[in-house]
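Trainee: need a structure here:
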Amino acid sequence: RQAAQEVRAIIDTIPSLVAACENDGRLIYVNRRFADWYGQPCEWFPGRLLRDILPTDIARLVEPAMQRVLTGEHVTAATDRPVLRPADGVPRYFRAQFVPLMDGDTQRGFVGVALDVTDWVDTRRLLEEQEMRLREIANASSEAFCLTNLKRTELYYASPAHERIFGLSNDSLVASGLCWRDFVHPEDRPRVLEQFKGTLDRGSFVAEYRLVRRDGTTLWVHDKADLVRDDTGAVVSLASVISDITQRVEQQAELARNASRLALAQRAARLGLWELNLDTGRNYWSAEMRAMFEVDAEAVIDGEDYYH
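Mentor: As a prediction, this is how the structure comes out:
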């Protein structure tokens, strides 16, 4: 008797709802959590039929499980929509398991154990909504998002832009056996792979390089990757964002070419170029301008120097 009381005391402390029933469905015992869920004292339940106290929406779920457990099965059931908690009318989700209650080789009844999984359901729904929004952003972005192993030899996930940048569908990429380093321009590959070696120690990787697509075309990309850790802090994968910066690189190259042409033209025509910043009073003088006025190449020229 003392052992039974100790077991009941332990069962009263667990977060699950526990109820034991005879074969005819009459309650033998409920734990405190079960009683609180219904807003009644534990002593109110023994002798009552379980089906009589169950709310209608719960009864529809539990009745088939009760029939099956009486044949000796172990049965699991879960709500696919919230049910109202009898004690206060608050909607909750739960998952229940029913197991036979045996007396030697004879089944005396069954035990039902139900766990309130509302918090888990709400968290899962929130994560699914966040994942959906992130996928929408990734699908609409011109930047390629991808998730790989730490060596970038296995592709776990890639956004649509990844296919556009690499010129190969994600399925075809996986089937080909090719990986990221195979697309890096041969002239840039040693430098980029050397930078990539320290990713695990640094926690991130950033590089700009040329990428050769499968059709042979070349584009410049900005590649940034960060380590992904699990709940224990262990590194499990690499999350990367790869942007096509070809237009920017070409514009910078064109500006550099134009600046070179202008410098050549100035030297050929012996023209000096100067620019005065009205806010700071600082002057910019080209090399020809400094030579004409015999000003040292490293000298800083302010507004007063210019007027004198």
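Trainee: The helix or strand hosting V7 - what's its average pLDDT?
Mentor: In this structure, V7 is located in helix 2-13 according to DSSP states H and E. Mean pLDDT, helix 2-13: 72.
Trainee: mind listing what's buried in it?
Mentor: Buried residues in helix 2-13, counting neighbours by 16 or more other CB atoms under 10 Å, are found at I11. C-beta here means a position set from N, CA and C on the backbone, and glycine is covered the same way.
Trainee: got the residue ranges for the helices in the stretch 201-308 of the chain?
Mentor: Under the criterion DSSP state H, counting those that start in this stretch, the stretch 201-308 of the chain contains helices at 246-269, 287-292, 303-307.
Trainee: Worst mean pLDDT among those?
Mentor: Within the helices of the stretch 201-308 of the chain, confidence is poorest for helix 303-307, with a mean of 52 (mean pLDDT).
Trainee: Contact partners for L54?
Mentor: V62 (CB atoms under 8 Å, 6 or more residues apart in numbering).
Trainee: right, I mislabeled it, should have said Y29
Mentor: Per CB under 8 Å, 6+ apart, neighbours of Y29: 8, 18-20, 45-46.
Trainee: What ranges in the stretch 151-300 of the chain fall below the confidence cut-off?
Mentor: 258-259, 261-278, 280-281, 285, 292-294, 297-300 (pLDDT under 70).
Trainee: could you say which helix or strand contains the spatially most central residue of the chain?
Mentor: Compute the mean C-alpha point of the chain, and by CA atoms, centre = their mean the closest residue is E131, 6.8 Å away. According to DSSP H and E, E131 maps onto helix 118-140.
Trainee: Now do the same contact list for the nearest residue to D188 once chain neighbours are set aside.
Mentor: Using CB to CB, 6 or more residues apart in numbering and skipping residues adjacent in sequence, the residue nearest D188 is Y209, 4.1 Å away. Contact analysis of Y209 by CB under 8 Å, 6+ apart lists 184-185, 188, 191-192, 220-221, 223.
Trainee: So which of those residues is the closest to Y157?
Mentor: Y157 has its nearest neighbour among the contacts of Y209 in D223, at 16.6 Å by CB to CB.
Trainee: what number of residues lie near the closest one?
Mentor: For D223, the neighbour count with other CB atoms under 10 Å is 21.
Trainee: what does G25 give?
Mentor: Residues lying near G25 (other CB under 10 Å) number 16.
Trainee: isn't it right next to R51, touching?
Mentor: Yes - G25 lies in contact with R51 (CB atoms under 8 Å); the separation is 5.7 Å.
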